[in-house]
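**Student:** Predicted coordinates and the sequence they were generated for:
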Amino acid sequence: MKLSAAEYEIMECVWTLGRPVSGMDIMRALGQEKGWKQPTVLTFLSRLVEKGLLETEKRGKLRSYTAAMTREAYKNSETRDFLAQLYGGSVQNLVACMADGGGIPPEELEALRVWLKEREPQ
C-alpha cells in the first residue's frame, strides 16, 4: 500500500505518539510546520483509514485514530513490495545494484558480510 509523503509523516506521528490521536493532535504535531489546515489533516486521516493503516473510533463529537499496523509491519510490507517490483524478489539483485552503483559504503558492506556470516548454518 503506497503512502504519499504526507500520509507517511502522519503515520510516523501516530506511531511515535503510541496512543489514540485526534485530528487536533496531528495539527499540533505537524500542522503548523507543514502549513496544513484542519480539513487537510482530516482528509489525510480518512485516506489512511481507507488504506487500512488507521482505525477510527467516534466518542460523542470526538474521533480518535489508532495505528492498525505497526511501523515495522509497514516497513516490511513496503520492502517486500519494492523488492518484488524492482528486483523480481531477489535480495541478491538489490544488493548487487547498490554495490555496483557505489551505494554501499565500505563499512556497511563489511557490516553486511559479518551479519551474513553470523547467520550461516553451522
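**Tutor:** Yep, that arrived. Numbers count the residues shown, from 1 in each chain.

**Student:** What are the buried residues along the helix or strand hosting residue 7?
**Tutor:** Assigned by DSSP states H and E, residue 7 falls within helix 5-17. In terms of neighbour count (16 or more other Cβ atoms under 10 Å), helix 5-17 has its buried residues at 6-7, 9-11, 14. (C-beta placed from N, C-alpha, C; glycine too.)

**Student:** Could you give the average pLDDT over the next helix-or-strand element following that helix?
**Tutor:** As assigned by DSSP H and E, the chain's next helix or strand after helix 5-17 is helix 23-26. For helix 23-26, mean pLDDT is 92.

**Student:** just stretch 7-18 next, same as before
**Tutor:** 96.

**Student:** contacts for it?
**Tutor:** With contacts defined as Cβ atoms under 8 Å, 6 or more residues apart in numbering, stretch 7-18 is touched by 3, 21, 25-26, 29-30, 34, 41, 44-45, 47-48, 51, 53-54, 65-67, 70-71, 74.

**Student:** what do you get for stretch 91-111?
**Tutor:** 83, 86-87, 112.

**Student:** go with 10 Å
**Tutor:** Contacts to stretch 91-111, defined as Cβ atoms under 10 Å, 6 or more residues apart in numbering, come from residues 79, 82-83, 86-88, 90, 112, 116.
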